[in-house]
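Structure of the sequence below:
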Amino acid sequence: MTLPVELVSTGSELLSGRTLNRHAQTLGERVRALGLSLVRDTTVRDDIPAIREAVQSALSRVDVVFVSGGLGPTSDDVTREALAELLGRKIVLDQVSLDVMQRRYDRIGRRMTEQSKRQALIVEGGEALSNSVGLAPGERLEFGGKVLFVLPGPPDEFHAVLEDHIVPWLKQRYASVAPAAEKIFLTCGIAEAEVARRFEEAGLAPAGIEIGYCAAPGRVEVRLTSAQGDEKAVEAAGEEARKLIGEFVFAEDRRLMEEVVGQLLRDQGATVAVAESCSGGLLGHRLTALSGSSEYFVGGVVAYSNDVKVQQLGVKPETLKAFGAVSEETAREMAVGVRERFGVDFGVSVTGIAGPTGGSVEKPVGTVFVGVADRSHAWVRRFLFPGNRVRIKEWSTQMALDLLRRRLASLLPKEGDGGGRGP
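Residues are numbered from 1 along each chain as shown. Model prediction:
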């Protein structure tokens with residue numbers, strides 16, 4: 001059985017919308033591999049009673065609680081005070097942390113103020129956990145069979161304290177706790193509801209196996225989990241699931257689509273170039289976000305105007321006049337054109353209406369065509385994506401990458417979709 005843990009995130013900025021809180025994602029993913037399960041994340045404002053009550057409530061349910069934020073030098077950093085009140089302890093200065101801070105200030109030629117020194121304060125009886133990328137240390141407090149971890153709020157500092165101190169300690173303390181057995185499928189091109197329908201109609205509901213879903217633009221994560229750690233049962237269920245959704249699965253671990261496509265290109269020694277209209281360079285950005293992408297990504301053209309499509313990509317003026325910039329024909333010629341222009345193995349194109357204006361009855365906002373061309377064929381797909389401009393661009397690049405993935409994995413018809421100029 002997995003061990004339940006909770007997180008209390010502090011910070012008024014997390015509740016006002018000014019800051020996105022990713023601590024639960026970071027913590028949940030990291031401790032799951034240790035056999036711990038993050039079962040609740042409570043977010044409270046920078047207020048002593050609110051923090052005290054949230055932590056007390058968490059400790060009443062689980063034996064391990066993480067608290068993030070509120071360890072800085074300003075008046076709204078009150079996490080220490082709240083925990084000291086809860087435990088009936090004093091707040092004391094940690095001399096080792098203060099010495100580390102002093103050396104860092106000396107190194108950059110700055111004077112440490114009394115306000116800055118507040119970051120070296122910890123709750124009495126706690127063990128300071130050094131912060132390799134920031135000033136305020138984390139803490140570990142043990143009492144009555146309970147463990148309370150306190151971490152800094154900035155994401156890089158949170159991660160540093162977690163990895164440097166807390167994960168090693170948890171590995172040793174809970175070495176006998178077995179992690180849940182899990183199988184993951186990342187899918188693209190199939191809706192969450194359709195995955196569930198296929199599973200239900202096939203009777204895929206093995207005893208002791210929990211099936212979970214998590215949807216994002218252009219992606220559905222399917223999880224098969226055994227809390228008892230029954231790896232054989234999970235693998236057997238995974239084989240059945242693969243038969244039902246296999247063509248849509250782009251990864252069986254938590255990887256981005258661009259990682260999968262990049263590896264396929266690298267494995268095949270292939271190169272790619274992109275022609276983008278509505279995605280505005282996002283496709284090229286995703287393909288080049290990974291180290292080593294220069295092995296397969298050659299370049300691209302962001303062609304918003306029709307003139308650029310004609311002059312830089314060789315789209316025929318008569319194609320634009322007859323079918324418009326947002327069309328199957330234009331997407332095909334863009335993909336073929338960019339492949340020829342850069343002399344690569346594959347050209348990928350995106351053209352569409354990201355909104356919020358410019359749509360029509362025939363082609364409403366969210367209408368997008370993506371294309372892939374190799375040296376002999378071209379394939380184009382039409383989509384109608386929901387959401388705002390940002391979401392439509394995310395969807396567009398995801399589906400363009402997936403079309404390229406399918407071509408690289410030989411999942412597309414060999415004859416292509418016809419049309420376009422030859423290689």
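
ok, for the spatially most central residue of the chain, nearest residue in space, not its chain neighbours?
The chain has residue 256 as the residue nearest its centroid, 7.8 Å off, counting by Cα atoms, centre = their mean. Counting by Cβ to Cβ, 6 or more residues apart in numbering, residue 286 is the residue found nearest to residue 256 once chain neighbours are left out, at 7.8 Å. (C-beta placed from N, C-alpha, C; glycine too.)

Would you mark the buried spots in the helix or strand that contains that neighbour?
Per DSSP states H and E, residue 286 falls inside helix 282-287. Under the neighbour-count criterion of 16 or more other Cβ atoms under 10 Å, helix 282-287 has 282, 283, 284, 286, 287 buried.

which residue packs closest to the third one, ignoring adjacent ones?
The reference is to residue 284. That would be residue 300: by Cβ to Cβ, 6+ apart, it lies 4.3 Å from residue 284.

List the buried residues in the strand or helix carrying that neighbour.
Assigning secondary structure by DSSP H and E places residue 300 in strand 297-302. Residues 297, 298, 300, 301, 302 are the ones in strand 297-302 that count as buried (16+ other Cβ under 10 Å).

Mind checking the pLDDT average for that strand?
Per-residue pLDDT over strand 297-302 has a mean of 98.

For that strand, enumerate the helices and strands it packs against.
Contacts defined by 3 or more Cβ pairs under 8 Å, 6 or more residues apart in numbering; DSSP states H and E place strand 297-302 against strand 272-276, helix 282-287, helix 306-313, helix 328-342.

please redo it, this time with the cut-off set to 6 Å
Contact here means 3 or more Cβ pairs under 6 Å, 6 or more residues apart in numbering; DSSP states H and E; on that basis strand 297-302 packs against strand 272-276, helix 328-342.

So the residue nearest to residue 256 sits against residue 259, correct?
No - using Cβ atoms under 6 Å, residue 286 makes no contact with residue 259, being 9.8 Å away.

how far away is the nearest residue to residue 155 once chain neighbours are set aside from residue 310?
Leaving aside its chain neighbours, residue 155 sits nearest to residue 22 (6.2 Å; criterion: Cβ to Cβ, 6+ apart). Counting by Cβ to Cβ, to the nearest Å, the gap from residue 22 to residue 310 is 44 Å.

Which one of those two is surrounded by more residues?
residue 310 (17 against 12; other Cβ atoms under 10 Å).

for the more buried one, what are its contacts?
Counting by Cβ atoms under 6 Å, 6 or more residues apart in numbering, residue 310 touches residue 317.

repeat for residue 394
Shown in contact with residue 394 (Cβ under 6 Å, 6+ apart): residue 217.

Mind listing the strands the strand holding residue 300 pairs with, and their directions?
Here strand 297-302 has these sheet partners by DSSP bridges: strand 272-276 (parallel).

quick one: the strand it pairs with to helix 306-313, angle?
Counting by axes from the mean of the first three to the mean of the last three Cα atoms, to 10 degrees, strand 272-276 lies at 170 degrees to helix 306-313.

mind giving me the domain ranges of the chain?
3-173, 181-251, 258-408 (automatic domain parsing).

Same list, the ones you listed, but as JSON lines with distance to residue 416 please.
Shown next, in JSON lines, are these (distance: least, Cβ to Cβ, whole Å):
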{"stretch": "domain 3-173", "distance to residue 416": "40"}
{"stretch": "domain 181-251", "distance to residue 416": "18"}
{"stretch": "domain 258-408", "distance to residue 416": "3"}
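
what's the most buried one of these?
domain 258-408 (a mean of 20; mean count of other Cβ atoms under 10 Å).

Okay, helices next: where are they in the stretch 101-250 of the chain?
114-117, 155-161, 167-173, 192-201, 231-245 (DSSP state H, counting those that start in this stretch).

Mind putting the ones you listed into JSON lines with mean pLDDT?
Output for the helices of the stretch 101-250 of the chain, formatted as JSON lines (pLDDT from 0 to 100):
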{"stretch": "helix 114-117", "mean pLDDT": "90"}
{"stretch": "helix 155-161", "mean pLDDT": "95"}
{"stretch": "helix 167-173", "mean pLDDT": "95"}
{"stretch": "helix 192-201", "mean pLDDT": "94"}
{"stretch": "helix 231-245", "mean pLDDT": "93"}
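
Tabulate the CA atom coordinates of the helix holding residue 286 in PDB.
Only the C-alpha atoms of helix 282-287 are listed here, as PDB (Å, rounded to 0.1, in the frame of the first residue of the first chain):
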ATOM      1  CA  LEU A 282       5.300  27.800 -32.000                       C
ATOM      2  CA  LEU A 283       5.900  24.600 -34.000                       C
ATOM      3  CA  GLY A 284       9.500  25.500 -34.700                       C
ATOM      4  CA  HIS A 285       9.900  26.500 -31.000                       C
ATOM      5  CA  ARG A 286       8.700  23.100 -29.800                       C
ATOM      6  CA  LEU A 287      11.000  21.200 -32.200                       C
END
